[in-house]
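Enquirer: Here is my input, please return the structure:
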Amino acid sequence: MHTVLVRYVLPGPVPRQKMMEGFKEVEGRFRATPKLIRKYFSYDESKHTGHSVYLWESEADARAFFNDQFLTHFKAKFGADPELFYVDTLMVVDNEAGRTTTN
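Expert: Below you'll find the predicted structure:
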């Protein structure tokens, strides 16, 4: 498994509700993304900073998703380039599902 941490600073303040509306608009896209195990949408309204966490089956799957086309679309939508951090995921503890997955 492989995790991608994404951080982006919006050009100005955006109300939490507006961010949630935007997140809901793209939910279906992420449900239909092959090899994506999980995605978290997070937002720090006080710093107008978005954070996302993606869990992928492999690093290759993650890097294929975050291609030039994605980055161009992202910048057009949010007005900022995202910072991407690719990290090897050794273990996931999922209390909701009652399981631990190791890699």
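Enquirer: can you give me the helices in the protein?
Expert: For the chain, the helices defined by DSSP state H cover 16-31, 59-65, 68-78.
Enquirer: what's the most buried one of those helices?
Expert: helix 59-65 (a mean of 15; mean count of other C-beta atoms under 10 Å). All C-beta spots, glycine's among them, are computed from the backbone N, C-alpha and C.
Enquirer: for it, packing partners?
Expert: With contacts defined as 3 or more C-beta pairs under 8 Å, 6 or more residues apart in numbering; DSSP states H and E, the packing partners of helix 59-65 are strand 2-9, strand 49-56, strand 83-88.
Enquirer: which outside residues touch that helix?
Expert: Contacts to helix 59-65, defined as C-beta atoms under 8 Å, 6 or more residues apart in numbering, come from residues 2, 4, 33, 34, 35, 36, 54, 56, 86, 88.
Enquirer: and if you look at stretch 2-13?
Expert: The contact list for stretch 2-13 (C-beta under 8 Å, 6+ apart) reads 45, 47-59, 61-62, 66, 74, 78-89.
Enquirer: and if you look at stretch 42-53?
Expert: Contacts of stretch 42-53 (C-beta under 8 Å, 6+ apart): 3-10, 12-16, 19, 38-41, 78.
Enquirer: which residues are contacting the lowest-mean-pLDDT helix or strand in the chain?
Expert: The weakest-scoring helix or strand in the chain, judged by mean pLDDT, DSSP states H and E, is helix 68-78 (a mean of 92). Residues outside helix 68-78 that contact it (C-beta under 8 Å, 6+ apart): 8, 10, 22, 50, 81, 82.
Enquirer: Just the closest of those to residue 99, please.
Expert: residue 50 (28.9 Å; C-beta to C-beta).
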